Structures are given as structure tokens and as C-alpha cells.
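> Below is the structure, and that's it, no one-letter string:
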DNA sequence: AATTACGTTTACGTTAACGTTAACTTGGTC
DNA sequence: GACCAAGTTAACGTTAACGTAAACGTAATT
């Protein structure tokens, strides 16, 4: 059980963003680091949270939507109704993700074609 | 060989965007419809182009990057050097897409967990 | 002739996600 | 004690991707 902490520039360096970005996330209520005097101290949990936010960004999610997805994990769902609405949220998210995978696969197929044409063209001009 | 054309609202309706969006794309040089008097006329090729732009959007690409990807198809690559740089561009794009698929799969796995927990919880409370 | 539907241009407004100074504090180091 | 690196707050600036409103044209309908 280590209670390692990170400075803001630690995390900025690790994730390839600026410190401004991380402070901005706090400003928007996405993370809540502790303070040691003035300075922000990030726990491993904070770190993971930021990591997941950035993962969301990579696939085109807004910061808000990333947080929404992340917060699906914490159990603030007590009654049956909430559980059902949670499940339907999960189902919606999943649909979008599956569509995105389709889109990506189509685009990958396109790239494969382009590359094949390129290589063929190089081969031909070689034997000219 | 049909030379079907589409009005701007045809395409807007089909793709679930506003006409403003489509005009905006033209303003940015992403599409170049013909004119019949004042009115814009979109060819099937234009239509596909817009469709591909929106596909790019769905996976978080900027409009510019979508166009960049689309334009990989048209053969303005004559010499060997250009072909090589084209291939390396393709390779880069592919890397990003593969990373995105990873991200999506991770997120999907997370959603599966959440759903499983939900269903378990519902099952438990049923037998309470 | 008036309304309705669809189209046009021009231009200012908006939101998200930071970037970019500026001005200041704080803890070590030479 | 001067200096430097790393931190802080506060505030204005920027870009992308449209939204929104005004003011107008055109063709078909009533």
C-alpha cells in the first residue's frame, strides 16, 4: 500500500500534455488533487483519472463525455431504476464505440488499398 | 451511368446535419459543388466526399485531417519520392487508428464490467 | 397577389479546450 | 542574499466547427 504522489509536472511529462492542461481539467471539475501548501499533489487514482480522460480524447470524446464514462464505475446507483438507466447508458456508449470501430476498420481498409497501389507503382517503375 | 444530383437539403437530411454545415465545408474548401443558377448541385462524388468527412468526424478527426486522408486516394503522386512519403503518411495514420481501436476495446471492456455488476446487483436485490 | 418552401450571402455569436503572458511565491543552491 | 526551477493565480487570446439571425431571390401553390 504505497501512497505515492505525483507533482503536476510529473503527470504532464508522463502524458505529454502541459501543466496548463491539467490545471484546466481541475478548473472544469474533472480532477480534485490535494494540496500541500499551495502545491497540488496527485494520487495514483488522480493519475488514472487523467489517463482515462486522455484515452477518451484520443477517440474523439469531449472531456465531459469522458468523465461521464469514467463515473459509470463509481457506485452511486442504489435503486433498481438507477441501475436500469445505467445499463441503458452503457448500451448507448457501446453502440457508439462499435460504430467507431466500424469507421476505423473501413478507413484502415482504405489505407491498405492506397499502400498496395503505391507499392505496385514503385514496383512497376522499377522494371521500367 | 446516371448523373444523379442532390440538393443541399437532400444531403443534409441524409447525413443528419444542417445545410449550414455543408456550406461551411464548402467555405473551407472541402467540397466544390456545381451550380445551377444560384443553387448548389452535388454529384454522387461530392456526396461520398461528405460522407467520408463525417466518418472522420465520428472518430475524432478534424475536418482537415479527414480531407488529408481522403486525398490520399487521388493519384497526384508521380515520382518515387512522393510515393515513399505517401506510404509513410499511410503508415502514420494506420498507427493512430490502431491505437484508437485499442482505446475503444479497453473502454468496451470497462463497459462490460459495469454492466455485469449492474445485472448482478439487480439479481441480488431481486432475491432479497 | 400573398404565402410557403427552399435556396442564397453576409456577418456576428458561441462553445470547447486549451495557449499565452504577467505577476508573484517558495524551496533549495551557489 | 541572489538566483533558479517549479509552483501558483488571474486574465485575456486563439482555433475549430459550426449556430443563428438578417435580408434577400425564386418557383410553385393557394
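Yep, that arrived. Bear in mind that the values here come from a model prediction, so they are computed numbers and not experimental data.

> Local confidence estimate at the residue in chain A positioned nearest to chain B?
For chain A, the nearest residue to chain B under the criterion C-beta to the nearest C-beta is residue A:60, separated by 2.1 Å. C-beta here means a position set from N, CA and C on the backbone, and glycine is covered the same way. On pLDDT, residue A:60 comes in at 97.

> Give the helix, strand or coil label for it.
In three-state terms, and counting by DSSP: H, G, I helix; E, B strand; the rest coil, residue A:60 is coil.

> List the contacts of the nearest residue to it once chain neighbours are set aside.
Excluding its sequence neighbours, the residue lying closest to residue A:60 (C-beta to C-beta, 6 or more residues apart in numbering or on different chains) is residue B:60, at 2.1 Å. With contact taken as C-beta atoms under 8 Å, 6 or more residues apart in numbering or on different chains, residue B:60 is in contact with A:57-61, B:100.

> next one: residue A:107
Taking C-beta under 8 Å, 6+ apart, we find residue A:107 in contact with B:55-56, B:59, B:69, B:93, B:97.

> For residue A:12, which non-adjacent residue is closest in space?
residue A:19 (4.8 Å).

> actually residue A:52, not the one I wrote
residue A:70 (5.1 Å).

> got a list of what that neighbour touches?
Counting by C-beta under 8 Å, 6+ apart, residue A:70 touches A:49, A:52-53, A:56.

> Find out how far the top helix by length along chain A is from the centre of the chain, if you would.
The helix of greatest length in chain A, counted in residues with DSSP state H as the criterion, is given as helix A:80-126. Helix A:80-126 has its average C-alpha position 16 Å from the chain's average C-alpha position, going by C-alpha atoms, centre = their mean, to the nearest Å.

> Determine if any part of the strand or helix carrying residue A:64 is in contact with DNA strand D.
For residue A:64, the enclosing helix or strand under DSSP states H and E is helix A:63-70. No: Helix A:63-70 lies out of reach of DNA strand D by C-beta under 7 Å from any atom of the strand, never closer than 14.2 Å.

> how about that helix: buried residues?
Using 16 or more other C-beta atoms under 10 Å in any protein chain shown as the burial criterion, the residues of helix A:63-70 that qualify are A:63, A:66-67, A:69-70.

> Can you tell me which of those is nearest residue A:35?
Using C-beta to C-beta, the shortest approach to residue A:35 within the buried residues of helix A:63-70 belongs to residue A:67, at 21.5 Å.

> so who does that closest one touch?
For residue A:67, the contacting residues are A:30, A:53, by C-beta under 8 Å, 6+ apart.

> Could I get the pLDDT score of it?
Model confidence at residue A:67, given as pLDDT, is 97.

> was I right about residue A:15 contacting residue A:48?
No: under the contact definition of C-beta atoms under 8 Å, residue A:15 does not touch residue A:48, with a separation of 11.3 Å.

> who's more crowded, those two?
Of the pair residue A:15 and residue A:48, residue A:15 is the one with more neighbours under other C-beta atoms under 10 Å in any protein chain shown, namely 15 against 11.

> hmm, back to that, possible to save the contacts of residue A:107 as CSV with distance to residue B:4?
Formatted as CSV, the contacts of residue A:107 follow (distance: C-beta to C-beta, whole Å):
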residue, distance to residue B:4
B:55, 21
B:56, 24
B:59, 28
B:69, 25
B:93, 31
B:97, 32
